[in-house]
Every structure is written in C-alpha cells, then in structure tokens.
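Trainee: Predicted model and sequence follow; I will ask about them next.
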Amino acid sequence: MTSLITIKGIKQDKRAFNIEWSDGHKSTFHYMWLRDNCPLDIHPTARERTFNFMSVSLDIHPQDYSITSDGILKVNWSEGANVSEYSSEWLRHNCYTLKNLKPYQSPYHLWDSSLMSSMDKIAIDCDEIMSGDEGILKWLSQLHHYGISVVENAPIANKSGYEVLKKISHCRETFFETPFEVINIPNPNNSAYTALGLHNHLDLPYYDVPPGYQFLHCLINDAQGGQSLAVDGFKVTTYMQTNHPDLFNALVEIPVKFCNQDYTQDTIRVQHAPLIGLNKDKDFNEIRFSIAYMGVMDCAPDKMDLFYRAYRIFADLIHDERFAIKFRMKAGDIFSFNNRRILHGRTEYDPNSGKRHLQGYYLDRDEILGRLNYLQKIRV
C-alpha cells in the first residue's frame, strides 16, 4: 500500500527534488511539474486545474521546503508567494519515474474462432444491465476487454434500444440518423440496407474519428440466412505483426484513402489514415478496414506494390475462418462491439423468406471508457 510508504530522504538539484522512499525506490519530481500539479490548485467541484503555469517562469524553484511529521512535503516557491503541499501518498501515486519504469500491460483479451465454444464470456442478459451498476460494469468490461458483447432478451419495441444504451451514455449522431434501420430497402445508400452478404468491415472509416462502438438491436429475424460475423481485428493484427513484420509496418505507416459520396447527402467525405493505428504504448488503438469505402489509393509509387501485398494478406486474414465467429441474432439480441477493433459482416439472406430488421446505434469510445472508469472508481 502506498500509504505505508514514506519519504526516507530528499535531495535538491537545480531542476528537481530527488526522493528516496522507505521501500528503496527513487523518484524525481521536477519543480515546474510540482508547481503545475499542486493539489491545492484544483477546483473543489469542477475538479479542474485552477493554476495557470504561464503565470510563472520555467526557472521557478523552492525558496525553502520542509517535511511535516505526517509526511507532507511543503514547498515555498520562489515566484507567486505560493506554498504548495504534497502528501507522501499523493507523490507516490503520481510518481512519473515509477510509472515509466512499469511495464505496459494491454487491457485486451484477444480471441479467434475458438470463442465460439465459450460465447458465455461475451454474453449478458438485458435484465442484468437494467438492474444496476453491477450489470453495467459487466457489460462494459466485456466491451472493453473482448471488444464484443451480445445482450440477450432486450425489449423488441421500436427504438427500445435507447433505454438500454442510456445506462452508458448518450448516442453519437451521424448522417444515417439514430437509430439507423438495417432492413432491405430499394435504392439503398448503404449495402447494409440490402439482403446481400457483407464483407467484414468497420463502419464510417471515412470519418476523422469513426464511431467507437456500435450496437445492432435485433427486432425481428425470421429470414433464412443472414448470420452475423465478427473478427477480432487486434488478434489478426497480432498474427500479422508476428508472421509478416515488414508488411505489418507498411500497414501502420502507409495512409489509405477512404471516401463516402452517398447519393442522399450533399457532402463528399475523404479521410486518409493507415489501416492499423497504434497508441502511445505501441499497442493497438484502431483498425480501419472497409473494402467498400476504399478510395482510389494514392500513396507514393515506390510504396504501392508493398501496400497491396500487405493489404491483400491483411484482407485474407480478416476473412479467414480461423479468426471469425458466426452466430444468428434472434429478436431481443443487441450485438455490441468496438467498431474500431471488431470487423463485422453477415452472410446473404433471403428477404422473401421472412423479415429481418435491426436498429443500429453508435456511441463514442470516450463514453464507454469514461463510464467504465467511473464504475471501477479508478483514481487519476
């Protein structure tokens, strides 16, 4: 417990305090960082920083300092006539020396077709969600760690998905409107609104920030065919990174053009982004993949052959049965998934054999993670 760890010794240099802890660890705390992050300069209700670091110079330093009997570091600053206080527990919790020494652990549980034998890991009854925070936390954990969850026994009334999703947050609106109706219609502005099979893809890759999560609520599914497909894009990407490292790097580095010129809209959307996006820890952040919305590729000539070799292998893997799960949605199911990780598709169905009607919703990834952090009571 950090509350049991105390400051054993402290030394000053020109730019920072160097602290030795009672457990032997050592930390560096730069003066500007300490002044900028003073716990006394946080608004009590808005919880926003109230100190403006531009009000002092980069040469700010302690005029003097002391450590109280209860382990509080008190600093009298050279500028601004301010005194800051930092508890030992606060310093240890926010120590960036130790944070940067700690190895990164990915939060993702990667999966392949073997998940079909344990679908209970990604299933939850709607009553669990509606009954309170424990069920919501379970749902959000599935969505964050596995990237996918199937909610069962949800209401099947028109737009009833709203009541379930409100347990997380507000929906993200797009030009498809909310909810969007996944049915077979004449003159569709999206291939999802047909009875055709759909290649595995993510939605809206031509947006600067595509929707983070998608929720497909099944109201009726009496048609023959139309099985849902899902592939963990991060699992496929891991395979690519291990077995084809040069081609993996090409997909990380080469921007791809995605376009949308839907005939119902007065817009033409164009976005350049690589197929594989990484975060600051070089872990996977997002996949952008949609054969349908690929624009005319326009990378440099000396990269074009490399790109298509990488793109073809990546596409083959995304449609490889080793990585896919296939299931039939039933009325009351909400197929929920990370739209920037899970590639989804469907098999063709016969619209003359019965009705198939899904209603779709989007939520931003910030809302999923923010709600999950709140329910887990994480400390920032």
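Mentor: Structure received.
Trainee: Give me the nearest residue to His244, chain neighbours excluded.
Mentor: Using C-beta to C-beta, 6 or more residues apart in numbering and skipping residues adjacent in sequence, the residue nearest His244 is Ile313, 6.0 Å away. Yep, even glycine has a C-beta here, placed from its N, CA and C like the rest.
Trainee: Can you pull the phi and psi angles for the one you found?
Mentor: With angles defined as degrees, to the nearest 10, Ile313 sits at phi -60, psi -40.
Trainee: Would you agree it is in contact with Ala250?
Mentor: No: checked against C-beta atoms under 8 Å, the pair Ile313 and Ala250 is beyond contact range at 10.2 Å.
Trainee: Same drill for those two, tell me which one is more crowded.
Mentor: Taking other C-beta atoms under 10 Å, Ile313 and Ala250 do not tie; Ala250 has more neighbours (22 against 17).
Trainee: now the closest residue to that one other than its chain neighbours, what's its secondary structure?
Mentor: Leaving aside its sequence neighbours, Ala250 sits nearest to Ala310 (C-beta to C-beta, 6+ apart; 4.3 Å). Here Ala310 is helix, with the state taken from DSSP: H, G, I helix; E, B strand; the rest coil.
Trainee: And Ser27, by the same measure?
Mentor: Three-state call for Ser27 (three-state DSSP): strand.
Trainee: just checking, it touches Lys11?
Mentor: No: with contact defined as C-beta under 8 Å, Ser27 does not reach Lys11; the gap is 11.3 Å.
Trainee: For Gly295, give its distance to Val256.
Mentor: 8 Å (C-beta to C-beta, to the nearest Å).
Trainee: what sits against Leu247?
Mentor: 240, 306, 309-310, 313-314 (C-beta atoms under 8 Å, 6 or more residues apart in numbering).
Trainee: and it, that's in a helix?
Mentor: Yes: in this structure, Leu247 lies within a helix as judged by three-state DSSP.
Trainee: now it: how far from Asp281?
Mentor: Leu247 is 22 Å from Asp281, by C-beta to C-beta.
Trainee: same deal with Val56?
Mentor: From Val56 to Asp281 the distance is 32 Å (C-beta to C-beta).
Trainee: And for Ile10?
Mentor: 31 Å.
Trainee: likewise Gly295?
Mentor: Distance from Gly295 to Asp281, by C-beta to C-beta: 30 Å.
Trainee: higher neighbour count, the two?
Mentor: Gly295 (16 against 11).
Trainee: Contact partners for that one?
Mentor: The neighbourhood of Gly295, defined by C-beta under 8 Å, 6+ apart, consists of 256-259, 270.
Trainee: 7 Å instead?
Mentor: 257-259, 270 (C-beta atoms under 7 Å, 6 or more residues apart in numbering).
Trainee: Now, of these, which are buried?
Mentor: Neighbour-count burial (16 or more other C-beta atoms under 10 Å) is assigned, among the contacts of Gly295, to 257-258.
Trainee: and which of the contacts of Gly295 is nearest to Asn187?
Mentor: Cys259 (20.0 Å; C-beta to C-beta).
Trainee: what's across from the closest one in the sheet?
Mentor: Judged by DSSP bridges, the bridge partners of Cys259 are Val270.
Trainee: picking up where we left off before, dump the contacts of Gly295 into TSV; add pLDDT as well.
Mentor: Formatted as TSV, the contacts of Gly295 follow (pLDDT from 0 to 100):
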residue	pLDDT
Lys257	97
Phe258	98
Cys259	97
Val270	97
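Trainee: Any figure for the gap between Trp21 and Gln376?
Mentor: As judged by C-beta to C-beta, Trp21 and Gln376 stand 27 Å apart.
Trainee: quick one: which of these two has more around it?
Mentor: The neighbour count for Trp21 versus Gln376, taken as other C-beta under 10 Å, is higher for Trp21 (19 against 11).
Trainee: Apart from its chain neighbours, what residue comes closest to the more buried one?
Mentor: Ile5 (5.4 Å).
Trainee: swap in Glu134?
Mentor: Using C-beta to C-beta, 6+ apart, the closest residue to Glu134 is Glu128 (7.6 Å).
Trainee: Any regions of this structure where pLDDT drops low?
Mentor: 1-3 (pLDDT under 70).
Trainee: distance between the helix or strand hosting Val252 and the chain's centre?
Mentor: Using DSSP states H and E, Val252 falls within helix 245-253. Relative to its chain's centre, helix 245-253 lies at 21 Å (C-alpha atoms, centre = their mean, to the nearest Å).
Trainee: buried sites along that helix?
Mentor: For helix 245-253, by 16+ other C-beta under 10 Å, it's 247-248, 250-252.
Trainee: Tell me the one among these nearest to Thr347.
Mentor: Ranked by distance to Thr347 (C-beta to C-beta), the buried residues of helix 245-253 are led by Leu251 at 26.8 Å.
Trainee: re the thing from before, determine the number of other residues adjacent to the residue nearest to Glu134.
Mentor: 17.
Trainee: Was I right to think it contacts Ile136?
Mentor: No: taking contacts as C-beta atoms under 7 Å, Glu128 lies outside contact range of Ile136: 8.5 Å.
Trainee: In CSV, could you pull the C-alpha coordinates for stretch 29-38?
Mentor: What follows is stretch 29-38, C-alpha atoms only, in CSV (Å, rounded to 0.1, in the frame of the first residue of the first chain):
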residue,chain,number,x,y,z
PHE,A,29,10.0,15.4,-9.2
HIS,A,30,10.8,18.5,-11.4
TYR,A,31,9.9,21.8,-9.8
MET,A,32,7.7,23.0,-12.7
TRP,A,33,5.8,19.7,-12.6
LEU,A,34,5.3,20.1,-8.9
ARG,A,35,4.0,23.7,-9.1
ASP,A,36,1.8,22.9,-12.1
ASN,A,37,0.2,19.9,-10.3
CYS,A,38,-0.2,21.4,-6.8
